[in-house]
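Q: what's the 3D shape of this:
(one chain, ligands or ions: 1)
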Amino acid sequence: MSLAVLVATALVGTGTAEGAVPLRYDQRPETRAFIAELVAEHAFGHRELARLFSHARYQPRIVAAMSRPVFEPPKWYEYAPQFLSAQRIDGGLEFWRANKATLARAQSQFGVPAEVIVAIIGVETFYGRNTGQYRVFDALTTLAFDYPRRSDFFKNELREFLLLARDQGISPLEAKGSYAGASGLPQFMPGSVRAYALDYDGDGRIDLSAEPADAIGSVGNYLARHDWQPGAPVLAQARVDPAASEAVLRTLDGGLSERRPLEAWVRDGVSADALAADPGSDPVGLLMLEEAAAPSYWLVFGNWYVLTRYNRSRLYATAVWQLAQALVAARTEAAHAEPPTVPATLPADAAPAARDPSAGESAR
Ligand SMILES: [Ca+2]
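A: Residues are numbered from 1 along each chain as shown. The predicted structure is shown next:
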């Protein structure tokens, strides 16, 4: 083995070590094997892919972000406020107003409430303000070949991304997204774009970054396809009988229990307020949220688990639901604050108090 090859091998082997710069991706054996696979299975041009991968940039910050040890998972009271802030709610009302007809269409087509679709887009990207600055191709290539722990997952997403770019006739070097390769207003991974995204404004192409309607339809479709049940409950605040609490709290693992029949919870001393909707016979989970003072407990139903299919986190699903409820409340309040029709003869200084622009904000 020549020195150059030894050095190259060492660099490949320590791709994430400090100071080491991996070889160009098009020259690395694992990338070449991947290219050969794409050529054989999907009829890509070999030279075209080799050239493309010569432009892939290793992103050490992505590997660092993915590898950062989680000493302690975030707590609800630390996680939630950013998603329930006045700005996040105002932004949601604005997004709702701007896309009212599309949201109503998605709600009736998919059975997913408009506020849930708005809240997902709000939590994911602040309604499109933070959609990510990494080149999706760099992110996915880095994670596919320099993040061994999830190499298979990201190789698959990279394959999906290249197929998607080919289907859409766009350059793979153009798309921007998160450090994990998710993009657009709803932060779909390429595999999800291919499986669930819709051209919901009917202009003949799917664009989750520039076309809010496509994002709205795609989120609705994603949740419906993951079994969202129209009108079924999501979560309900629960009380735990102090006498039985020890056994019940032992069922919680990382703040969430296994799902059990509702009757089993009731038998063990867990109760909830009257449910707005029939929970059906599906098993139910018990959720604990760390509040600043004492923890709160919630029964979580099928639709809550559907939200976790979007992002596998009890905090995420709950924040989406709470933002959705805050949006509904703020929207109702804003509707009530609309100035009533004022007779033309009414003197200006007799205008009703509801015209005070600050009136609608006091309760938030
Ligand atoms: Ca479209």
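Q: Show me where this structure has its strands.
A: 134-135, 176-177, 235-240, 270-272, 285-289, 296-300 (DSSP state E).
Q: a markdown table for those strands, including mean neighbour count, distance to the ion and mean pLDDT?
A: Placement of C-beta: from N, CA and C, glycine included. What follows is the strands of the chain, written out as a markdown table (neighbours: other CB atoms under 10 Å; distance: least, CB to the ion, whole Å; pLDDT from 0 to 100):
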| stretch | mean neighbour count | distance to the ion | mean pLDDT |
| --- | --- | --- | --- |
| strand 134-135 | 22 | 22 | 98 |
| strand 176-177 | 21 | 18 | 98 |
| strand 235-240 | 18 | 33 | 94 |
| strand 270-272 | 18 | 41 | 90 |
| strand 285-289 | 22 | 36 | 97 |
| strand 296-300 | 21 | 34 | 96 |
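Q: could I get those strands as TSV with distance to residue 319?
A: Formatted as TSV, the strands of the chain follow (distance: least, CB to CB, whole Å):
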stretch	distance to residue 319
strand 134-135	24
strand 176-177	21
strand 235-240	12
strand 270-272	20
strand 285-289	10
strand 296-300	13
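Q: among those strands, which is nearest residue 113?
A: strand 235-240 (13.9 Å; CB to CB).
Q: Given the closest one, what are its sheet partners and their directions?
A: If you go by DSSP bridges, strand 235-240 pairs up with strand 270-272 (antiparallel), strand 296-300 (antiparallel).
Q: show me the contacts for the closest residue to the ion within the stretch 51-200 of the chain.
A: Nearest residue of the stretch 51-200 of the chain to the ion: residue 199, at 4.1 Å (CB to the ion). Residues in contact with residue 199, defined by CB atoms under 8 Å, 6 or more residues apart in numbering, are 205, 206, 214, 217.
Q: so the last one sits right up against residue 108, yeah?
A: Translated: residue 217. No - with contact defined as CB atoms under 8 Å, residue 217 does not count as touching residue 108 (11.9 Å).
Q: So which of those two has more stuff around it?
A: Between residue 217 and residue 108, counting by other CB atoms under 10 Å, residue 217 is the more crowded of the two (27 against 12).
Q: Pull the contacting residues for that one.
A: Residue 217 touches 102, 106, 109, 198, 199, 200, counting by CB under 8 Å, 6+ apart.
Q: Among those, which one has the most neighbours?
A: Most crowded among those, counting by other CB under 10 Å, is residue 106 at 26 neighbours.
Q: Enumerate every residue touching that residue.
A: 112, 114, 117, 200, 216, 217, 219, 220.
Q: Serialize those residues to a markdown table and add fields for pLDDT.
A: Shown next, in a markdown table, are those (pLDDT from 0 to 100):
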| residue | pLDDT |
| --- | --- |
| 112 | 98 |
| 114 | 98 |
| 117 | 98 |
| 200 | 98 |
| 216 | 98 |
| 217 | 98 |
| 219 | 98 |
| 220 | 98 |
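Q: Among those residues, name the ones in helices.
A: 114, 117, 216, 217, 219, 220 (DSSP state H).
Q: since we're on the fifth one, how many residues are nearby?
A: Which is residue 219. Around residue 219 there are 29 residues (other CB under 10 Å).
Q: So it sits against residue 115, correct?
A: No - using CB under 8 Å, residue 219 is not in contact with residue 115, being 11.9 Å away.
Q: Could you list the residues of the stretch 51-200 of the chain in contact with the ion?
A: The stretch 51-200 of the chain comes close to the ion at residues residue 199, as judged by CB under 5 Å from the ion.
Q: can you give me the helices for the stretch 51-200 of the chain?
A: Counting by DSSP state H, counting those that start in this stretch, the stretch 51-200 of the chain has helices at residues 60-67, 76-79, 86-98, 100-110, 114-125, 136-146, 151-168, 190-196.
Q: need the least confident one among these, by mean pLDDT.
A: Lowest mean pLDDT within the helices of the stretch 51-200 of the chain: helix 60-67, at a mean of 93.
Q: can you list contacts of it?
A: 16, 134, 138, 139, 142, 143, 146, 147, 150, 179, 180.
Q: So among those, which ones count as buried?
A: 16, 134, 138, 139, 142, 143, 146, 147, 179, 180 (16 or more other CB atoms under 10 Å).
Q: Name the residues of stretch 85-93 that come out as buried.
A: Buried, per 16+ other CB under 10 Å, within stretch 85-93: 88, 89, 91, 92, 93.
Q: chain center to that stretch: distance?
A: 17 Å (CA atoms, centre = their mean, to the nearest Å).
Q: can you start the count at 50 instead of 1 from here on
A: Understood, numbering begins at 50; the last thing we discussed is stretch 134-142.
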